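Novice: output the structure for:
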Amino acid sequence: MKRYQILFLHLIIILLPFIKMQAQVKNQAAKIEADKKWWKEAVVYQIYPRSFKDSDGDGVGDLKGIISKLDYIKSLGIEAIWLNPIYQSPNDDNGYDISDYRSIMKDFGNMDDFDTLLKGLHDRGIKLIMDLVVNHSSDEHEWFKQARSSRDNKYRDYYHWWPAQKGKPTYRWSFFDVKSEAWKYDKQTDSYYLHYFSQKQPDLNWENPAVRQEVYDIMRFWLDKGIDGFRLDAFQYVSKDISWPVFPDGYEKEINKYYGEGPNLHAYIQEMNREVLSKYPNAMTVCEGAGSSPEDALKFVDPDRKELNVAYHFESVDIGKHVSDFGLVNYKKIFSRYDDVFKDKGWLSIFMANHDQPRMVSKFGNDSPQFRAISSKMLSTFVMTMRGTSFYYFGDELGMINIRLNDINDYNDVDTRNKYEGLKEKGGDLAAFLELQKQTSRENGRTPMQWNDEKNAGFTTGKPWLKVNPNYTDVNVAEQEKDPQSTLNYFKKLVQLRKNEQTLVYGKYTLLDEKNPNVFSYSRELNEKKKVVQQKFYQIKNPL
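Specialist: Numbers count the residues shown, from 1 in each chain. This next block holds a predicted model:
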């Protein structure tokens, strides 16, 4: 063989790995391009409407208040908002007990206000995701009024009932019940009805096809109005084993395992997809909870299964009072475990706060005046640079912190109030309970938005429905908009960075320095571009 032929063969051998690598890069790029969706790239800004902005001085935030702040929302750079429930409701659980799915709560305004809000958002290039609460309704919904009127009413099977002549039903634990009992006796028909949450939130019977069709009609109603998707509240609980087997003692400590894996759950979601979601292919669907493991969560959003879009799991926020109590190494493992399962298909949400959590700076950082801002920036950096859709809770862009209420009478939350009453009945330590609530209660995340240093932080001219955090004179929008180094302006820069760098959306995630107890470091790689995020944690006790 001639020398030039040997050289040529050597060159081919040398180039083969490079050619193969380039082909892999091209294949990866092609797959990502095919899988691109607006809801993967969006930063979703969550608004708790009661607490955002009050337009009429009654102390409760409303739709016109949100409308008045649309330019502020636009200035953040976000692409979508998630709006907590605004439907008609008696407000036992602040709107998560719905009495009419096609009407707007009077506290918030009317349907004309909603239409104005939706148009205002769309005119600014912002999409609207609504909360859909269909594991349960309000006991004041017409369906339940009819259902409890007689055992042979046509709406009776819209809910789960147990006739008293059969004795007491199999015990089921309730999240919000004073006695933690999910079966409530109803004298009118001498029966018990099921409520996983409060007594005023009876669970809908998804085993009844008529109920499912009612839900699908509700979804079509809002999608046809032009909304851009749903976040499905407590949806993993809709399917029940109606043979009501006995669960082991203490099962509530693994509640998703027992309540979140009903026998027909995924069949119902696939039916919903066929009948509704497949007809609205650009709609975003987010499943709250999404199972008790990464493998469970993937089932909800594996594209091959034709179910939902985004898994919203709780493992990363269900860690106690502080991340320091749990350990940074363990915390890193949670995200890496989920990412490993989702690396090839499916999609996750990334969040550190919502309406059911305390403020992220108070839980995961240090909210003292000295460290509040840097903690906020650190946590925001994490949320905006991980793989998954970034969900960001209103007020966190300011570094808002826990209010830490001292008196049970200052709490409106059904969860805190009922736990307090249950402990009181048992003769428990109420002072210790209230001390714990200062750090963990979800009321901490619901205090009014801090717009300026005027009375009530500019939220309302009346008496606010929930106390305003006293630090509003220092921590507010007006002050931070003027400060280039503020947490607000830092958040805006992060949003733009994520928009400009597709690597931070679709790039491969690799955990670095895995066992370092003080550093969270990871890389994001896409099409030969690489970004490294590294943050150092200092163990400084958060003040209570």
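
Novice: the stretch 151-300 of the chain: helices as residue ranges?
Specialist: For the stretch 151-300 of the chain, the helices defined by DSSP state H, counting those that start in this stretch cover 209-225, 255-259, 265-275, 294-301.

Novice: packing partners of the shortest one?
Specialist: This points to helix 255-259. Helix 255-259 sits against no helix or strand, with contacts defined as 3 or more C-beta pairs under 8 Å, 6 or more residues apart in numbering; DSSP states H and E. For glycine as for every other residue, the C-beta is placed from the backbone atoms N, C-alpha and C.

Novice: mean confidence for the strand or helix carrying Arg417?
Specialist: Using DSSP states H and E, Arg417 sits within helix 414-425. Over the span of helix 414-425, the pLDDT mean works out to 95.

Novice: okay, the angle between the helix or strand that comes right after it and helix 414-425?
Specialist: Using DSSP H and E, the helix or strand that follows helix 414-425 towards the C-terminus is helix 430-440. Here the directions of helix 430-440 and helix 414-425 differ by 160 degrees (axes from the mean of the first three to the mean of the last three C-alpha atoms, to 10 degrees).

Novice: buried set for helix 430-440?
Specialist: Using 16 or more other C-beta atoms under 10 Å as the test for burial, helix 430-440 gives Phe433, Leu434, Gln437, Lys438, Gln439, Thr440.

Novice: Throw those into CSV and include pLDDT and distance to Lys363, thanks.
Specialist: CSV is the format used below for the buried residues of helix 430-440 (pLDDT from 0 to 100; distance: C-beta to C-beta, whole Å):
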residue, pLDDT, distance to Lys363
Phe433, 95, 18
Leu434, 96, 18
Gln437, 95, 13
Lys438, 94, 12
Gln439, 93, 8
Thr440, 93, 8
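
Novice: what's the offset of the helix holding Arg417 from the middle of its chain?
Specialist: Centroid separation between helix 414-425 and its chain, computed with C-alpha atoms, centre = their mean, to the nearest Å, is 24 Å.

Novice: and that helix, what's buried?
Specialist: For helix 414-425, the neighbour count (16+ other C-beta under 10 Å) marks Val414, Asp415, Thr416, Arg417, Asn418, Lys419, Tyr420, Gly422, Leu423 as buried.

Novice: do stretch 184-197 as well
Specialist: Lys184, Asp186, Thr189, Ser191, Tyr192, Tyr193, Leu194, His195, Tyr196, Phe197.

Novice: what's the distance between the nearest residue to Pro448 once chain neighbours are set aside and Met400?
Specialist: Among residues not flanking Pro448 along the chain, Phe459 sits closest, at 3.8 Å (C-beta to C-beta, 6 or more residues apart in numbering). Counting by C-beta to C-beta, to the nearest Å, the gap between Phe459 and Met400 amounts to 12 Å.

Novice: then Tyr171?
Specialist: 40 Å.

Novice: give me the more crowded residue out of those two.
Specialist: Between Tyr171 and Met400, counted using other C-beta atoms under 10 Å, the more crowded position is Met400 (30 against 14).

Novice: next structured bit after the strand or helix carrying Lys492?
Specialist: If you go by DSSP H and E, Lys492 is part of helix 487-500. Next in sequence after helix 487-500, counting helices and strands by DSSP H and E, comes helix 503-506.

Novice: low-confidence ranges, the stretch 51-200 of the chain, go.
Specialist: Within the stretch 51-200 of the chain, no range satisfies pLDDT under 70.

Novice: so where do the strands sit in it?
Specialist: Taking DSSP state E, counting those that start in this stretch as the criterion, the stretch 51-200 of the chain carries its strands at 80-83, 87-88, 100-104, 127-133, 161-163, 183-186, 191-194.

Novice: related to what we said a few turns ago, who does the helix holding Arg417 touch, helix- and strand-wise?
Specialist: Against helix 414-425 (3+ C-beta pairs under 8 Å, 6+ apart) you get helix 430-440.

Novice: list of residues touching the helix it packs on?
Specialist: Residues outside helix 430-440 that contact it (C-beta atoms under 8 Å, 6 or more residues apart in numbering): 321, 358, 362-363, 402, 404-408, 411, 416, 419-420, 423-424, 443-444, 544.
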